[in-house]
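Asks: This is the structure alone, sequence omitted:
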């Protein structure tokens, strides 16, 4: 879960949940989505910064969420991340 902080764009709270070598797959709303509905929208740069130390990012790909309020789906990021 991304959390806003006073001194930076976000912190990430998954680290204590995965052991070394564990994989994390995340689908989050993209900052490219102009509709303000849904959870906080995250930029690709913000995502990469949140997983900088202690993680290996396999990929961050453009994707879509299927929702009831977005006729063609909401823009999202799909990522594969491994804890080192």
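Replies: Done, it's in. What you see is a predicted model, and the numbers here were worked out from it, not measured in a lab.

Asks: Tell me if I am right that residue 61 is in a strand.
Replies: Yes. When DSSP: H, G, I helix; E, B strand; the rest coil is applied, residue 61 is found to be in a strand.

Asks: is it in a bridge, and if so with what?
Replies: residue 78 (DSSP bridges).

Asks: Now do the strands in the protein.
Replies: Using DSSP state E, the strands of the chain run over residues 2-3, 11-12, 23-29, 55-65, 74-83.

Asks: tell me the pLDDT at the residue positioned nearest the centre of the chain?
Replies: The chain has residue 28 as the residue nearest its centroid, 4.6 Å off, counting by Cα atoms, centre = their mean. Looking at residue 28, its pLDDT reads 89.

Asks: Tell me where the model's unsure across this protein.
Replies: Applying pLDDT under 70 to the chain flags residues 1-13, 15.

Asks: hang on, the earlier thing: for the residue nearest to the centre of the chain, which non-adjacent residue is closest in space?
Replies: Of all residues not flanking residue 28 in the chain, residue 42 sits nearest, at 5.0 Å (Cβ to Cβ, 6 or more residues apart in numbering). No exception for glycine: its C-beta is placed from N, CA and C like everyone else's.

Asks: The one you found touches residue 33, doesn't it?
Replies: No. With contact defined as Cβ atoms under 8 Å, residue 42 does not count as touching residue 33 (9.9 Å).

Asks: neighbour count winner among those two?
Replies: residue 42 (21 against 18; other Cβ atoms under 10 Å).

Asks: Name whatever forms a beta bridge with that one.
Replies: On the basis of DSSP bridges, residue 42 is bridged to residue 30.

Asks: same check, this time on residue 24
Replies: Under the criterion DSSP bridges, residue 24 forms beta bridges with residue 81.

Asks: Pull the number of nearby residues for it.
Replies: 17.

Asks: residues in contact with it?
Replies: If a contact means Cβ atoms under 8 Å, 6 or more residues apart in numbering, then residue 24 has 14, 18, 80, 81, 82, 83 as its contacts.

Asks: So for stretch 43-55, what gets flagged as buried?
Replies: 46, 47, 50, 51, 55 (16 or more other Cβ atoms under 10 Å).
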